[in-house]
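In: give the three-dimensional model of this entry:
(4 chains)
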There are 2 protein chains.
Amino acid sequence: MDAYKFIKDAIILGKYVPGMRLGEETLAKELNLSRTPVREAIKQLEAEGLVVPLKRGVGVRSFTKEDIKEIYDLRSLLESYAASQAAMHRNEADLIELKTANELYEKAIHDHLQSDMASIRKIVKVNQRFHEAIVSAAKNKHLHFHISKVVVVPIVFRSFYWYSDFHLQQSLEVHKIIYKAIENKEAERARIAMHEHIFQGRDNVLNHLNDIKISHFFRGEPG
Amino acid sequence: MDAYKFIKDAIILGKYVPGMRLGEETLAKELNLSRTPVREAIKQLEAEGLVVPLKRGVGVRSFTKEDIKEIYDLRSLLESYAASQAAMHRNEADLIELKTANELYEKAIHDHLQSDMASIRKIVKVNQRFHEAIVSAAKNKHLHFHISKVVVVPIVFRSFYWYSDFHLQQSLEVHKIIYKAIENKEAERARIAMHEHIFQGRDNVLNHLNDIKISHFFRGEPG
DNA sequence: ATTTATTGGTTTGTATACAAGAAGTCAACC
DNA sequence: GGTTGACTTCTTGTATACAAACCAATAAAT
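Out: Reported below is the predicted structural model:
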């Protein structure tokens, strides 16, 4: 298996918890590989900022409250710009993908509301698909590249576990507004709606951080 | 010597030209190292987007006109945001660093205007120092991280060789306006001035690309 | 003449061995 | 009891060897 993907997924899913040291030999044994490819994967993850130097070697990065504020500010800057650009440059294929992603999002939320927690990961995935479709419609490959490198994934993933039913439905409504704005080529409206959307996510995360000890928060399973 | 820095500098300075394939063995011999550390450096540069896959291995990335447009759009988004944040969060130490950088910039341009081309690299360096000081004053580590990873350096470096005396002085004036805005905590003014500043740079680059064949442009010495 | 198949050389991908350097431990001394 | 120092052990950094995949060149066939 590919070492880079394996380690990255493990970090996002919380198998490797923040602060945990990642020894090369240990990883190599878990992956049935030698240290050489593992080292290369680590160097890439380090360049992305997902792991940081820790005691001669690296460990999983942990996020302070300040980090989370900064990351969401950055993300809202990039994605609201993406939304406005998408409104200007979207073509028919983009609209279809956006619509599809949003319909799947609606379905996933609907399923979740009348059953259990098991479908949360599905919601996360489809939400991501919608956001990626917007960035893709913005037609700026470099913007796309950078947004994909914002180390927001581990946080967003967890944050969905804290959404109330009301906030999930509200999030769906905002997705629809953003879609409409992009369809109608209303760039400024798309920008503002996306900005608001991401700041709602930010508030949701930060509220939870007030309740729970931050140090416990990004260690272990989302809950 | 550190393989990562060596290769990166070689790309920025134009020693390794775009499209050129970077063989591991060749690099290793040039650096008096084995292939192992060279491979790691390459993996990092690939994660940053400075080198791209090329025939089972990597080569120096070359930029199309579209790339340059997109990169400058992204850079203006990030840096104008940085300027507005700097106006809000700057402290006295930030102001001193900004002032110092700008005074050195003024001196470097002055020296250049009454002598030769040799001091262009000095201008590039001090200009970079000013821009970094602004990002630093914005007090968002993640923003800082991402701006430093925008693959703009090889382009900006070359662009200074094309500035007319007039445009250099104009650039200095805009730097001063940005500084004043940040000092006076005028966030919106700082943002707009920075946006304008970077778009002037963008226009300057794109104008030159109209004259000269793009394929020749990022190959070999700046001129 | 153009296209395809085969073969040889070159280059990357992976494993492993060895050296150098931290970090942790235990003990002795202040 | 705490701090310092040497020693041991574990982990990373680098080099090298080998295997496998790819590229290119050459030759043959249509």
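In: CA only for contacts and neighbour counts going forward, please
Out: OK.
In: now do the contacts for the closest residue to DNA strand D within chain A.
Out: Across chain A, the shortest distance to DNA strand D (Cα to the nearest atom of the strand) belongs to A:Gly23, at 3.4 Å. By Cα atoms under 8 Å, 6 or more residues apart in numbering or on different chains, the contact list for A:Gly23 reads A:57-58.
In: what pLDDT does it get?
Out: Predicted confidence (pLDDT) at A:Gly23: the value is 96.
In: likewise for A:Lys8?
Out: For A:Lys8, the model assigns a pLDDT of 94.
In: and it, how many neighbours?
Out: Close neighbours of A:Lys8, defined as other Cα atoms under 10 Å in any protein chain shown, add up to 20.
In: tell me how far it lies from A:Leu27.
Out: 12 Å (Cα to Cα, to the nearest Å).
In: for A:Lys43, same thing?
Out: Distance check for A:Lys43 against A:Leu27: by Cα to Cα, it reads 14 Å.
In: tell me which of the two has more neighbours.
Out: A:Lys43 (23 against 18).
In: where does the more buried one sit, in terms of helix or strand?
Out: Using DSSP states H and E, A:Lys43 sits within helix A:35-48.
In: what packs against that helix?
Out: helix A:3-12, helix A:24-31, strand A:51-53, helix B:35-48 (3 or more Cα pairs under 8 Å, 6 or more residues apart in numbering or on different chains; DSSP states H and E).
In: so can I have CSV of those showing distance to A:Asn140?
Out: Below are the helices and strands packed on helix A:35-48 laid out as CSV (distance: least, Cα to Cα, whole Å):
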stretch, distance to A:Asn140
helix A:3-12, 25
helix A:24-31, 36
strand A:51-53, 27
helix B:35-48, 16
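In: ranges for the strands of chain A?
Out: A:21-22, A:51-53, A:58-60 (DSSP state E).
In: and the contacts of the last one?
Out: Under the criterion Cα under 8 Å, 6+ apart, residues A:11, A:16-23, A:42, A:50-53 lie in contact with strand A:58-60.
In: one more time with 6 Å
Out: A:18-22, A:51-52 (Cα atoms under 6 Å, 6 or more residues apart in numbering or on different chains).
In: kindly supply the PyMOL command isolating those of those residues that are buried.
Out: Those of the contacts of strand A:58-60 that count as buried under 16 or more other Cα atoms under 10 Å in any protein chain shown are selected in PyMOL with:
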select buried, chain A and resi 18+19+21+22+51+52
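In: format the contacts of strand A:58-60 as TSV; extra columns: distance to B:His110.
Out: Converted to TSV, the contacts of strand A:58-60 look like this (distance: Cα to Cα, whole Å):
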residue	distance to B:His110
A:Pro18	51
A:Gly19	50
A:Met20	53
A:Arg21	52
A:Leu22	52
A:Val51	44
A:Val52	42
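In: out of the contacts of strand A:58-60, who's nearest A:Asn91?
Out: Closest approach to A:Asn91 among the contacts of strand A:58-60 (Cα to Cα): A:Val51, at 37.7 Å.
In: nearest spatial neighbour of the most centrally placed residue in chain A, skipping sequence neighbours?
Out: Against the mean C-alpha coordinate of chain A, by Cα atoms, centre = their mean, the closest residue is A:Val153 at 3.1 Å. Take A:Val153 and drop its neighbours on the chain: the residue closest to it by Cα to Cα, 6 or more residues apart in numbering or on different chains is A:Ile12, 6.7 Å away.
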